[in-house]
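1. Predicted model and sequence follow; I will ask about them next.
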2 protein chains.
Amino acid sequence: MKPTTLKEIAEILGISITTVSKALKDYPDVSKKTKALVKELAVTMNYRPNSFAVNLRTKESKTIGLIIPEIVHHFFSSVIKGIISQAEKKGYLVIILQSDESYDLEKKQMELLLNKNVDGLLVSLANATADFKHLTDFMEQGKPLVLFDKVAKIVNCSKIIIDDRKAAETATQHLIDTGCKRIAHFRGPLLPQNSIDRFLGYRKALRDNNMEYDPSLVYICSDMSYEEGGDYAAQLMKEHPDVDGIFINTDLVAIGALTTLKKMGIQIPEQVSIVGFSNWFMSQAISPSLTTIDQPGFAMGQMAFKRLYKEMLAIKAKKPVTFKIKTLVTSLVKRESTRES
Amino acid sequence: MKPTTLKEIAEILGISITTVSKALKDYPDVSKKTKALVKELAVTMNYRPNSFAVNLRTKESKTIGLIIPEIVHHFFSSVIKGIISQAEKKGYLVIILQSDESYDLEKKQMELLLNKNVDGLLVSLANATADFKHLTDFMEQGKPLVLFDKVAKIVNCSKIIIDDRKAAETATQHLIDTGCKRIAHFRGPLLPQNSIDRFLGYRKALRDNNMEYDPSLVYICSDMSYEEGGDYAAQLMKEHPDVDGIFINTDLVAIGALTTLKKMGIQIPEQVSIVGFSNWFMSQAISPSLTTIDQPGFAMGQMAFKRLYKEMLAIKAKKPVTFKIKTLVTSLVKRESTRES
DNA sequence: GAAAGTACCGAAAACGTTTTCGGAAAATTG
DNA sequence: CAATTTTCCGAAAACGTTTTCGGTACTTTC
């Protein structure tokens, strides 16, 4: 019941704690004989180092924090999986907290993680986050921070992102290439960089093709829900019956829109084409299946940890850390919700 | 950069470390004056207790472990969210590890968590787990373990489950009530209790309605994937064209089957009715929408932590812990993949 | 056979906190 | 004013580990 300590092993063997500790860690100044003795007794007594004491001594927790806006989400759960798989390989464990898209919560969660003495932090920003002092504060503690997916350009740290603007441009261009003449956009909230970038990509594609950019065709989603997609789709058809294509910020909203349009008897993609964003699992199972942008969540999680790990090593070795911005490639996945080109 | 310690505060104020510590924790034997002084300096110096030292002293990590078979899964991510939300309220953080349905990995992850000195453990068993020594070993360390969703009847600990058997019976009965005469079942792997129970519920419903139980109508899924659902659906139609209803172990497989059947030109629910299990988000968005059993993941996560918390408190207070088995209610969600009754 | 080197071991400090216990000073009591 | 109580503070131990620094004892070298 009580865990074994170095002291107990030392007493049984009649040697010092120091020697036991060194034997277990294969120090060169311990004889093979005592090493063997110690190691054997350690396994029979089921010795495991007290992590609290090790942490205190080494000032490391071998733990990192992860803050994401929402756990129940295909993209983010893929990211989580990527992070955990990579972290485990390097002997790190991951503590996950959720910001619920709230700035205050995000700040509070960071405080918690700081108190827990995590060795590093991975964050995807909340939609509501417009102030970044909590991020710089964290870095001032001498601990690395890596932002991913929803990042702040202004914050000086490493980032793992996709080129949202270019991806959105590709998505919109695909609508244009398949014959759409009047294209609407359901965008995300105003603050987050990626919803801004996706909007900019949409607008750029229109302009590059000499198509009129009409602000009344842009609908701003607030909670990015399935229901919201349906509501805006209905509203759009009422206000702009001439629309024949929609580029939608995220698959969940797109599927809501698609479902509602189908119920309204609108032919997809013949009357209205739809392109989503993210390529959740669901978009291939829906009917018609959804053309979308593939966003590599698992790889993003892996990259984010790898980058954090490098910076943790650098800090430990007291070397200067350089910040890197890694952009992952996305791809257009053509399916049934858009026409053949 | 260097964090403030009690010692530093003590030296500046010219008092002892003891008094500083006690002042911050509002011990009654410290004067109001010194308390105020200490607290003020603590905030201006941005003092935060070194968690490593606190852990070592109190022998608590205020952290729990969570092991699940797969993170990228609607049900499990809901559970995670429920656990984290509840844990945070009580000041606990959660470390998540994944077993990938492998027994060896599950065991290894438990070892890791044990080494990290988590205060308690929440586990949903891997499909491959047939031996439970690692679970009892963990409990012998004097730390509480709560099993949820995929549990082992034989292990003596608290469990949060649903009545899989009854739910499956309800699902099958619904197929019968809506006129199905020959009902197939796509079951999960052989080992896990819940896939056994769902199978038993299916069989019981048939027997109670004097319908023949035909083992050749039961297909065993191994990886429970979307593709597997499609493959078995095609195979089923070839081998048993007379089947007019399928009860499927989980929504993902059900949606695979449903999609394939649709492509084969089979009318759902007119020719073949389908009932799934879990009620992921997706099942309402698909067309036809999927009749399924609602499995309350978020609530299950909350309950699991609450139970674990109670046992952690009991152990801390050196009181005897009693094990409880809590069964959450499920409900049949009728949608378009089954006929009107 | 003395000097130098090597192999092995342990004392002790340190990490930062919590908590027990005793004691000094001040306030209260009769 | 002596005796008692109350108020406030601090010394010290403890949690279990890691690592530096010396110090023996033994071996090698010329």
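-> Sure thing, it's come through.

2. which stretches of the stretch 201-341 of chain A have low pLDDT?
-> By pLDDT under 70, the stretch 201-341 of chain A contains no weakly predicted segment.

3. ok, now with 90
-> Residue ranges of the stretch 201-341 of chain A with pLDDT under 90: A:223, A:280-282, A:284-287, A:317-318, A:341.

4. Quick one: list the elements packing against the strand or helix carrying residue A:159.
-> Per DSSP states H and E, residue A:159 falls inside strand A:158-162. Helices and strands touching strand A:158-162, by 3 or more C-beta pairs under 8 Å, 6 or more residues apart in numbering or on different chains; DSSP states H and E, are strand A:145-148, helix A:297-316, strand A:325-328. Just so you know, the C-beta spots here come from the backbone N, C-alpha and C atoms, and that holds for glycine as well.

5. for that strand, the distance to its chain's centre please.
-> Taking C-alpha atoms, centre = their mean, to the nearest Å, the mean C-alpha location of strand A:158-162 is offset from the chain mean by 10 Å.

6. Which residues does the next helix or strand after that strand contact?
-> Under the assignment DSSP H and E, the closest C-terminal helix or strand after strand A:158-162 is helix A:164-177. Under the criterion C-beta atoms under 8 Å, 6 or more residues apart in numbering or on different chains, residues A:183, A:185, A:193-194, A:197-202, A:204-206, A:208-209, A:211, A:245, A:247, A:273, A:275, A:277, A:291-293, A:295, A:330, A:332, A:334, A:338, A:341 lie in contact with helix A:164-177.

7. list the helices and strands whatever helix or strand comes next after helix A:164-177 packs on?
-> With elements assigned by DSSP H and E, the helix or strand that comes after helix A:164-177 is strand A:183-187. The helices and strands touching strand A:183-187, judged by 3+ C-beta pairs under 8 Å, 6+ apart, are helix A:164-177, helix A:193-208, strand A:218-220, helix A:226-239, strand A:245-248, helix A:251-263.

8. deepest of these, which one?
-> Across these, the average number of neighbours (mean count of other C-beta atoms under 10 Å in any protein chain shown) peaks for strand A:245-248, which reaches a mean of 29.

9. Direction included, what does it pair against?
-> In the sheet, strand A:245-248 lines up against strand A:183-187 (parallel), strand A:273-275 (parallel) (DSSP bridges).

10. Which of these sits closest to residue B:321?
-> Smallest distance to residue B:321 across these (C-beta to C-beta): 51.8 Å, for strand A:183-187.

11. can I get the CA coordinates of that closest one in PDB?
-> Taking C-alpha atoms only, strand A:183-187 is exported to PDB below (Å, rounded to 0.1, in the frame of the first residue of the first chain):
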ATOM      1  CA  ILE A 183     -21.700  33.300 -54.500                       C
ATOM      2  CA  ALA A 184     -22.600  33.800 -50.800                       C
ATOM      3  CA  HIS A 185     -20.400  33.300 -47.800                       C
ATOM      4  CA  PHE A 186     -21.300  32.200 -44.300                       C
ATOM      5  CA  ARG A 187     -18.400  33.500 -42.300                       C
END
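
12. what does it rub up against?
-> A:172, A:175-176, A:195, A:198-199, A:202, A:206, A:211, A:217-221, A:229, A:232, A:236, A:240, A:243-249, A:253-254, A:257.

13. Taking the stretch 201-341 of chain A, what residue is nearest to DNA strand C?
-> residue A:316 (15.8 Å; C-beta to the nearest atom of the strand).

14. Now for the closest residue to residue A:334 other than its chain neighbours: which residues touch it?
-> Sequence neighbours aside, residue A:291 is the residue nearest to residue A:334 in space, at 5.3 Å (criterion: C-beta to C-beta, 6 or more residues apart in numbering or on different chains). For residue A:291, the contacting residues are A:174, A:273-276, A:332-338, by C-beta under 8 Å, 6+ apart.

15. Residue A:135 looks like it's in a helix, true?
-> Yes: according to DSSP: H, G, I helix; E, B strand; the rest coil, residue A:135 belongs to a helix.

16. For residue A:28, grab the count of nearby residues.
-> Using other C-beta atoms under 10 Å in any protein chain shown, residue A:28 is surrounded by 5 other residues.

17. That one sits in which helix or strand?
-> Residue A:28 belongs to no helix or strand, assigned by DSSP H and E.

18. and what of residue A:335?
-> Using DSSP H and E, no helix or strand contains residue A:335.

19. and the angle for the strand holding residue A:159 with helix A:297-316?
-> Relative orientation of strand A:158-162 versus helix A:297-316 (axes from the mean of the first three to the mean of the last three C-alpha atoms, to 10 degrees): 170 degrees.

20. what does strand A:158-162 contact?
-> Contacts of strand A:158-162 (C-beta under 8 Å, 6+ apart): A:144-149, A:151, A:194, A:295-296, A:300, A:303-304, A:307-308, A:311, A:323-330.

21. for that strand, what is the average pLDDT?
-> Mean pLDDT, strand A:158-162: 98.

22. what about stretch A:259-272, start to end distance?
-> Using C-alpha to C-alpha, to the nearest Å, the end-to-end distance of stretch A:259-272 comes out at 12 Å.

23. touching chain B at all, it?
-> Yes: using C-beta under 8 Å from any C-beta of the partner chain, stretch A:259-272 comes into contact with chain B via A:259, A:262.
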